[in-house]
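A.B. asks: Build me a structure from this.
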Amino acid sequence: TLDKQMFIMLNEQIDAYIKNRPKEKFKFLLVEQPFSGKFVDPKTGRKTAFTLSGIIDGLVVSSEGEYWLWENKTTSRADQAYMDRIYIDRQTHIYKKKVEELFKKELNGQQIVGVLYNIIQKPKVEWSQGETEEEFIERQKTAQRPNMLKRKWPDTVETYTQKVRAHIKPEHFLLITKYF
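C.D. replies: Predicted coordinates:
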């Protein structure tokens, strides 16, 4: 059931993302690009003994010719606290320096102007396991109107898909800009 749940959730999110993704056109120059290099002391310019490794989600160029880091983020809550954490994120500043150092050819001598955070809010929809006959009888014993109760049945693929679709909203897909 967990595999079905995950498949349905991802499938519905991908469909909704395609319909609701940001409309600006970007050209992706790098996607899921691993990198590694010695960490450089910003004050002296000297390479340190530390190696910095990571994976860049993306490097894009906008229609205006500006170069941006692209960061994919998923979250269960895209609230103000989450947005505040993004604006003080140090990882992107480090990545900016490394990308400018290691991918000069792709940048055509330009600097990266900022980060585009592609934020996808995950739906909070659980697959209902339903209730057994015994659980239903117990619930009836404590209910004010037991004859009005209906038994909770397990979700089918169709009912779960409908629940996920009903939960996903266009505002669950954000593109946040952070300038350096």
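A.B. asks: Let me know the outermost residue of the protein.
C.D. replies: Computed with CA atoms, centre = their mean, the residue of the chain farthest from its C-alpha average is Asn147, at 44.8 Å.
A.B. asks: Would you map the strands across this structure?
C.D. replies: 26-40, 47-62, 67-75, 112-121, 173-179 (DSSP state E).
A.B. asks: ranking these by burial, who's on top?
C.D. replies: When you average the neighbours per residue for each of those (mean count of other CB atoms under 10 Å), strand 112-121 leads with a mean of 20. Quick note: C-beta positions are derived from backbone N, CA and C, even for glycine.
A.B. asks: what about it, distance to the chain center?
C.D. replies: 10 Å (CA atoms, centre = their mean, to the nearest Å).
A.B. asks: now for it, which elements pack on it?
C.D. replies: Helices and strands touching strand 112-121, by 3 or more CB pairs under 8 Å, 6 or more residues apart in numbering; DSSP states H and E, are strand 47-62, strand 67-75, helix 91-102, strand 173-179.
A.B. asks: let's see 10 Å
C.D. replies: Secondary-structure packing of strand 112-121 (3 or more CB pairs under 10 Å, 6 or more residues apart in numbering; DSSP states H and E): helix 2-20, strand 47-62, strand 67-75, helix 80-87, helix 91-102, strand 173-179.
A.B. asks: Adding mean pLDDT and distance to Gly37, write the ones you listed out as TSV.
C.D. replies: Converted to TSV, the helices and strands packed on strand 112-121 look like this (pLDDT from 0 to 100; distance: least, CB to CB, whole Å):
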stretch	mean pLDDT	distance to Gly37
helix 2-20	81	33
strand 47-62	90	6
strand 67-75	93	16
helix 80-87	88	25
helix 91-102	88	6
strand 173-179	83	23
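A.B. asks: Need the ones you listed in JSON lines (columns: distance to Gln162).
C.D. replies: Shown next, in JSON lines, are the helices and strands packed on strand 112-121 (distance: least, CB to CB, whole Å):
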{"stretch": "helix 2-20", "distance to Gln162": "10"}
{"stretch": "strand 47-62", "distance to Gln162": "32"}
{"stretch": "strand 67-75", "distance to Gln162": "22"}
{"stretch": "helix 80-87", "distance to Gln162": "28"}
{"stretch": "helix 91-102", "distance to Gln162": "38"}
{"stretch": "strand 173-179", "distance to Gln162": "20"}
